[in-house]
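1. can you look at this prediction? I've put the sequence above it.
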There are 2 protein chains.
Amino acid sequence: SSFSWFEGFASVFKEICNRSDKRRIIHSIKVGVALVLVSLLYLVNSMFKQIGENAMWAIMTVVVMFELYAGATLSKGINRGIGTLIGGGMGCLAAVLAAENGGIAKPTIVVISLFAYGTVATYYRLVPNIKKRYDYGFMISILTFNLVAVSGVRAEKVVEVARDRLAAIGMGFILCIFVNLFIFPIWASNDLHFSTSSKFNKLANSIQGKNKIRCFDEYFKLGSDKENHDKVGDGSASIVACKIVINSKSNDEALANHAKWEPWHGKFGLYYPWDKYLEIGEHLREIAATIISLKGCLQSPKQPPQMKRQMLKGQCDDFLLSMIWILNEIGDSIGKMEKCQTKLTINPKLQLLTLQLSPPGSFSCKVETDENL
Amino acid sequence: SSFSWFEGFASVFKEICNRSDKRRIIHSIKVGVALVLVSLLYLVNSMFKQIGENAMWAIMTVVVMFELYAGATLSKGINRGIGTLIGGGMGCLAAVLAAENGGIAKPTIVVISLFAYGTVATYYRLVPNIKKRYDYGFMISILTFNLVAVSGVRAEKVVEVARDRLAAIGMGFILCIFVNLFIFPIWASNDLHFSTSSKFNKLANSIQGKNKIRCFDEYFKLGSDKENHDKVGDGSASIVACKIVINSKSNDEALANHAKWEPWHGKFGLYYPWDKYLEIGEHLREIAATIISLKGCLQSPKQPPQMKRQMLKGQCDDFLLSMIWILNEIGDSIGKMEKCQTKLTINPKLQLLTLQLSPPGSFSCKVETDENL
């Protein structure tokens, strides 16, 4: 059992790996190109004369904000930009305020402002909703505030220093966005879309089992111990698929978070319903939980006599085939972004199933909520 | 139904909020203190004379590595330290190599090394296992390599610059660790421990229901529609608790990741079995999935006639009471870090349950795996 579990996991992992290895290589090369380009600001004499040591800030910007997904890069870049502006502006204010006072008052004002800004910004940074989307911006604003306010004590031209650094960061930002978004971009929105539609098929496959033998079939056959053993093996491979669906929540949320920053995706344009994807994921996780516990029931050592089981077989077969068909159908139509042509056929089928269904009817209730796509 | 769902969620959220608001304030004040202390490197004349502009790097280190959890801070700090050392060392090598050649060869070597280092390090940074623990270190090593290799083209004393910056980063590191770990530290290990033991109690409560009325009781009563409605309300509140358990995977893994960096926790000392916590979490998620789908079955509109249900009542009551008792018992003994005194009583109880249990026996199988704590 543990071996086939591993096998199932390995095959899923391999599939993911092959897809992601190619994009890993593409992403790495893009980072290399961006780093070389931004270093030219420092290496080329004519550029260095204008920008000077501030080119360092451009390099730092590129390294820090270049993420795998276009949306993640945009989100980090915009967070960094706005954080720098706010932190820099407030820092200049504090520095100017301090400069107006002489003697011991000057460093005192700086220290108090450092403490106040750091404490308040850190507090808000930890609020869950802010943390999810603006954590990085808050951190950068604290950093910039500190650097500007502190250097204001010694440097004469705080405002100029801030302006030059901001310009360097701006250059890094533009270069980063250009390389990330216009050369083989990797969209989080595509990944979320693909993963959502493939989850339907994963669930359908986990009901269906390997080799076109529905894994619930074994439940109705059952004779020798050996067959029983095979069943367990197959069952746990498809439970792995269900577990992948159940554990997809945090990944989906991260993808949706990035996808919201991505400017345009498919037919819905700027108003893409990313939250609906998360809702669909929620329902799919419920179905996966049901499948897992149903399989647990079927593998339990104590079972009703074989005759009783045979009586259920026909109805179960109908039901499972319909479920598999419906899940695949919905998954495919989401994947292709087509309006579910089969809505006319799915609805009556579901109603028929709900009517037919004998007591343990949790299956149908859940699918119904899912079907308002 | 959707209102009581919200209610259940709100109460859980409120509970978390009150606990975390206090620590949020403590953490914010700690950040403020650390920022003021590190700024003294720049503000105090005698210190500034020794450290100079490099104090900026100390400030940056504090802002970037000061995290909520002690383990997260240590992990970021050590990653940053090692990343800086490796990146800086390789950068110095590249700079020295470039400096030995004159003319056009000099910038060419720098550009090639930038591209090679950036590409290779980014590729490994994306490997899932490395990304989980060393992502930040790889990023810092790319950043440091770039800064050192590029400035080597113009600055004469690359090695001295690198050494001074490293010293500044080291000061920031020590100060950060001191404030974070020795003033009201917040341990990820405690949180993981607390959340694991409380999950047992959450599941027990979700079987038990609110107001000491076991929520499965309603299933056996069932008369008017109104009662039926109440049942749904109560059911969905406890389903929220189950969902919290099901969705705890990513949070638990993050906590375990931090906990591994924390030097000492409780009776196991340096060899704390954090991976066991993750395993237990896995089993608890399976139980939660079973409870959710069982409740789905009970709430299904089609049910067997009331008489048949009454026949099951006695056996179910016994079973559920034992389950609640066992879950609470294990949860409490994990929470208090005591060796389960009741093992002598739990084991026979479980065996009795397994024997008694009529066909749908998925419950018992799962608890058995869990009980080898």
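-> Okay, I see it.
2. every contact and neighbour count from this point should use C-alpha atoms.
-> Noted.
3. and A:Gly103, helix, strand or coil?
-> Of the three states, A:Gly103 takes coil under DSSP: H, G, I helix; E, B strand; the rest coil.
4. could you do A:Leu270 as well?
-> With three-state DSSP as the criterion, A:Leu270 reads coil.
5. can you give me the pLDDT of it?
-> On pLDDT, A:Leu270 comes in at 71.
6. what does A:Asn228 give?
-> In this model, A:Asn228 carries a pLDDT of 47.
7. skipping adjacent residues, who's closest to A:Ser206 in space?
-> A:Ser238 (4.5 Å; C-alpha to C-alpha, 6 or more residues apart in numbering or on different chains).
8. where does chain A have its least confident helix or strand?
-> Counting by mean pLDDT, DSSP states H and E, the weakest-scoring helix or strand in chain A turns out to be helix A:362-370, with a mean of 39.
9. circling back to that earlier point, can you count the residues close to the residue nearest to A:Ser206?
-> Neighbourhood size, A:Ser238 [other C-alpha atoms under 10 Å in any protein chain shown]: 27.
10. how about the one 3 residues further on?
-> As a burial measure, the neighbour count of A:Ala241 was computed by other C-alpha under 10 Å and equals 20.
11. just confirm it contacts A:Lys202, I think it does.
-> Yes: between A:Ala241 and A:Lys202 there is a contact under C-alpha atoms under 8 Å: 6.3 Å.
12. what does the stretch 201-350 of chain A have sitting close to chain B?
-> A:246-247, A:249-250, A:286, A:289-290, A:292-293, A:296-304 (C-alpha under 8 Å from any C-alpha of the partner chain).
13. helices - which of those residues land there?
-> A:246, A:249-250, A:286, A:289-290, A:292-293, A:296-299 (DSSP state H).
14. can you name the element that comes right after whichever strand or helix holds A:Leu147?
-> Taking DSSP states H and E as the definition, A:Leu147 sits inside helix A:128-154. Following helix A:128-154 in sequence order, the next helix or strand is helix A:158-182 (DSSP H and E).
15. now that next one: buried residues?
-> Within helix A:158-182, the residues that count as buried by 16 or more other C-alpha atoms under 10 Å in any protein chain shown are A:158-159, A:161-162, A:164-173, A:175-177, A:179-181.
16. neighbours of A:Lys132, how many?
-> Other residues close to A:Lys132 by other C-alpha under 10 Å number 14.
17. how far away is it from chain B?
-> 14 Å (C-alpha to the nearest C-alpha, to the nearest Å).
18. cool, A:Gly91 as well?
-> As judged by C-alpha to the nearest C-alpha, A:Gly91 and chain B stand 14 Å apart.
19. would you confirm that that residue contacts A:Val153?
-> No: with contact defined as C-alpha under 8 Å, A:Gly91 does not reach A:Val153; the gap is 11.2 Å.
20. neighbour count winner among those two?
-> A:Gly91 (32 against 18).
21. tell me the contacts of that one?
-> With contact taken as C-alpha atoms under 8 Å, 6 or more residues apart in numbering or on different chains, A:Gly91 is in contact with A:144-149.
22. can you check A:Val245 too?
-> Contacts of A:Val245 by C-alpha under 8 Å, 6+ apart are A:199, A:284-285, A:288.
23. ok, the residue nearest to A:Ser206 touching A:Ala204?
-> No: contact between A:Ser238 and A:Ala204 fails when scored by C-alpha under 8 Å: they sit 9.9 Å apart.
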